[in-house]
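Student: 3D model of this:
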Amino acid sequence: NTSEFLNEHSDEYTIAIVTARQEDRRMSTTMALANADVAFDRLLMNKVGPTHEDGLKSKKTNVDSLTDVVLAIDNDADVRALYESMGITTAAPGDDLEAALGETHDESEDENSMMD
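Tutor: Numbers count the residues shown, from 1 in each chain. Next comes the predicted model:
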């Protein structure tokens, strides 16, 4: 599953969680990630607003602040399309994440970030 995948790669990549959840839910989101035993280095929250469109804008702004993103994992097809338009390889949580990550190794050997 996705959390196992992230934990397996947490030593070699910076894991940035980019969520459409609003900033006022940071503590509950952090606790949920800890309870699920998800390894991550950064948690980027939605500072734009509560609608899906606002969430997309927020995710784009947050992703623009990252460098060398090698893989974005998201369950929302609209978000994956946004990341793909930014030149980022994407996967859905049920996809073969190792294969998706393998595709990115051909493109970059620098220090990389992985998003969920």
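Student: contacting residues for T90?
Tutor: Neighbour list for T90: 71-74, 80, 83-84, 100 [criterion: C-beta atoms under 8 Å, 6 or more residues apart in numbering]. The C-beta positions use only the backbone N, C-alpha and C, and glycine is treated the same way.
Student: can you select the buried ones among the residues you listed for me in PyMOL?
Tutor: Burial among those is assessed by 16 or more other C-beta atoms under 10 Å; the matching PyMOL selection reads:
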select buried, resi 71+72+73+74+80+83+100
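Student: which one of the contacts of T90 is nearest D64?
Tutor: Y83 (11.2 Å; C-beta to C-beta).
Student: which of the contacts of T90 fall in helices?
Tutor: Among the contacts of T90, DSSP state H puts 80, 83-84, 100 in helices.
Student: of these, which is the nearest to K59?
Tutor: Y83 (8.1 Å).
Student: state the distance from G49 to H9.
Tutor: 32 Å (C-beta to C-beta, to the nearest Å).
Student: run a quick neighbour tally on F40.
Tutor: If you count neighbours by other C-beta atoms under 10 Å, F40 ends up with 19.
Student: no, scratch that, I was asking about D96
Tutor: By other C-beta under 10 Å, 10 other residues sit near D96.
Student: before we move on, the earlier item: between G49 and H9, which one's more packed in?
Tutor: Neighbour comparison, G49 and H9: the larger count goes to H9, with 18 against 13 (by other C-beta under 10 Å).
Student: right, and T89 touches R80 too?
Tutor: No - using C-beta atoms under 8 Å, T89 makes no contact with R80, being 9.9 Å away.
Student: now do the shared contacts for these two.
Tutor: The overlap between the contact sets of T89 and R80 (C-beta under 8 Å, 6+ apart) consists of A72.
Student: list the helices and strands the longest strand along the chain packs on?
Tutor: The longest strand of the chain (DSSP state E) is strand 14-22. Other elements packing on strand 14-22 under the criterion 3 or more C-beta pairs under 8 Å, 6 or more residues apart in numbering; DSSP states H and E are helix 26-35, strand 42-46, helix 52-64, strand 113-115.
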